[in-house]
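>>> how would this look folded up:
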Amino acid sequence: MAFFRNSTVNLLNLHYGVHALALSGGGAFFAAFLLKSGVPAYGVLTAMAAILIGRFLFRPAILPLGRRFGLKPLVITGTIITALQYPLLAEVQGVGWPLALVCLVSSIGDTFYWTAYHAYFASLGDAEHRGHQISVREAASAMVGVAAPLLTGWVLVALGPRVAFGATCVVLMLSAAPLLWTPNVQVAQEAPEALKAAVPGMLLFLADGWTAMGYVFVWQIALFLSLKESFTAFGGAMALAAVVGAISGMALGRFIDAGHGRRAVWLACGVMAATILARAWAYQHPATAILANAAGAVVVALYTPTMMTAVYNLSKGSPCPLRFHIAAEGGWDVGGATGCLVAAGLIWAGLPLSAAIAASLLGTASAFILLRRAYGSPQPAAQIT
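Residues are numbered from 1 along each chain as shown. Got it, this is the predicted structure:
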């Protein structure tokens, strides 16, 4: 298994696995807890949009810090700041200053973490094994996500949000430990044509952010409401999805690395679209909602390696991976924030959640066109396959 020989990527995947343990625990309950605390559904989506808008505004500050310190310190700093949002989340009681503070800290932490992490992984990974390495990462995330939502749901009910989200904070901070043994990656002081090279990634992430609006954000609200606002039932649904994801997690990376990226696009986007439609139909029925949620784990196993193999290889081939991901992540913020505001408006106007979920199909269709182009054009195809 040549893709395991990169010890740095193995450490990055270990970090990501512990990070995912926290996100599949407290992180998975973010929207559900806001609902339970008294924030209406359209208010939750507006808060999500505010976080993404904040990320977009803070993101330009990452470049001068990256040029001075390199990527590794930014990933570690982002991990720590991201962790700090969870003790603050426990104090939210409806719309108010605690919610605004959570949005602010989340924006700053996510800006540091995801921009630097994607650039870091792109720089240190291997293009010829990219699909395998991402599949290993996602499979590990699925496996650690089995127990975390069950435990977090129980702790929220039995011990309260301060204990549950405090534990999430601790685990997130511990996820930075494997990064102590990874090398730093310096950022070029100048990178001509970097913005032009980032346009394909920016468009891909714009489409992906819009897809996430209905597939992730609105769906978490719909699932929680379908399960009668039960934290334990919600955690059980997330755990079942993690089991499905762990079983299906490694399949598509090998397929992509063997040179079948264009075929993978059909499969990944087709399954994504089918799952979105299933969720739009199923959310008012607990049993079918749980099944539709579990189907999302298959989507992760298929869609994430397909999307991120293209993005990471475009990034590594660009003049500057950090500049590439500053632009690309900005595209994700625009797509996600716009989608969340549209969804919030639909719900505020009285339309059912199913309409907002189905609206994310526009993003999936756009991603399909862009991914086919990325895997089919001569230069990216050579990098990817």
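
>>> quick one: secondary structure of Gln284?
Three-state assignment for Gln284 (DSSP: H, G, I helix; E, B strand; the rest coil): coil.

>>> which residue, other than its chain neighbours, is closest to it?
Ser226 (6.2 Å; Cβ to Cβ, 6 or more residues apart in numbering). For the C-beta atoms, the positions are set from N, CA and C on the backbone; glycine is no exception.

>>> and if you look at Leu88?
Val102 (4.9 Å).

>>> any low-confidence regions in the stretch 51-200 of the chain?
125-146 (pLDDT under 70).

>>> in it, which spans are strands?
Using DSSP state E, counting those that start in this stretch, no strands are assigned anywhere in the stretch 51-200 of the chain.

>>> hang on, the residue nearest to Leu88 packs against Gln93?
No. Val102 is not in contact with Gln93 according to Cβ atoms under 8 Å; the separation is 11.7 Å.

>>> who's more crowded, the two?
Legend: neighbour count by other Cβ atoms under 10 Å for Val102 and Gln93, higher for Val102 (24 against 10).

>>> OK, contacts around that one?
47, 85, 88-89, 92 (Cβ atoms under 8 Å, 6 or more residues apart in numbering).

>>> now with 10 Å?
Val102 makes contacts with 30, 34, 47, 50-51, 84-92, as judged by Cβ atoms under 10 Å, 6 or more residues apart in numbering.

>>> highest neighbour count among the residues you listed?
In those, the most neighbours by other Cβ under 10 Å go to Tyr86, 29 neighbours.

>>> count of neighbours near Gly38?
Neighbours around Gly38, by other Cβ under 10 Å: 13.

>>> and the closest residue in space to it that isn't next to it in sequence, what does it touch?
Among residues not flanking Gly38 along the chain, Gly94 sits closest, at 3.6 Å (Cβ to Cβ, 6+ apart). By Cβ under 10 Å, 6+ apart, Gly94 lies in contact with 34, 37-40, 43.

>>> now, which of those residues sits nearest Pro321?
Nearest to Pro321 among the contacts of Gly94 is Leu34, at 33.8 Å by Cβ to Cβ.

>>> tell me which element the closest one is part of?
Under the criterion of DSSP states H and E, Leu34 resides in helix 30-36.

>>> tell me what that helix is packed against?
helix 41-58, helix 71-89, helix 97-124, helix 147-158, helix 161-174, helix 219-226, helix 231-248 (3 or more Cβ pairs under 10 Å, 6 or more residues apart in numbering; DSSP states H and E).

>>> what's the neighbour count on the nearest residue to Pro192 once chain neighbours are set aside?
Nearest non-adjacent residue to Pro192, counting by Cβ to Cβ, 6+ apart: Pro319, 6.5 Å away. Pro319 has 16 neighbours, counted by other Cβ under 10 Å.

>>> what sits against Pro319?
By Cβ under 10 Å, 6+ apart, the neighbours of Pro319 are 188, 190-198.

>>> with Ile347 instead?
40-45, 218, 221, 353, 355-356.

>>> please state the backbone phi and psi of Asn184?
In this entry, Asn184 is assigned phi and psi values of phi -80, psi 160 (degrees, to the nearest 10).

>>> now do it against Phe69, distance only.
8 Å (Cβ to Cβ, to the nearest Å).

>>> which residues of the stretch 201-350 of the chain score low on pLDDT?
In the stretch 201-350 of the chain (pLDDT under 70), the answer is 245-261.

>>> repeat that for 90
234-268, 271, 282-287, 291-322, 325 (pLDDT under 90).

>>> pLDDT at the nearest residue to Ile221 once chain neighbours are set aside, what is it?
Sequence neighbours aside, Ala41 is the residue nearest to Ile221 in space, at 5.1 Å (criterion: Cβ to Cβ, 6+ apart). Ala41 carries a pLDDT value of 95.

>>> am I right that Ala41 is in contact with Gly345?
No. The criterion here is Cβ atoms under 10 Å, and Ala41 misses it with Gly345 at 11.8 Å.

>>> which residues do those two both contact?
Here Ala41 and Gly345 share the contacting residues Ala356, scored by Cβ under 10 Å, 6+ apart.

>>> if we can go back for a sec, quick one: the residue nearest to Gln284 and Ala237, what's the gap?
Ser226 is 9 Å from Ala237, by Cβ to Cβ.

>>> cool, and Ile326?
35 Å.

>>> repeat that for Leu180.
35 Å.

>>> over to Pro352?
From Pro352 to Ala237 the distance is 20 Å (Cβ to Cβ).

>>> for these two, indicate the residue with more neighbours.
Comparing Pro352 with Ala237 by other Cβ under 10 Å, the one with more neighbours is Ala237, at 25 against 14.

>>> please verify my assumption that that one contacts Val243.
No. Contact criterion Cβ under 10 Å: Ala237 and Val243 do not qualify, at 11.1 Å.

>>> okay, and the common contacts of the two?
Here Ala237 and Val243 share the contacting residues Ala294, scored by Cβ under 10 Å, 6+ apart.

>>> all helices of the stretch 251-385 of the chain, in order?
251-257, 261-282, 286-316, 321-348, 353-359, 361-376, 378-384 (DSSP state H, counting those that start in this stretch).
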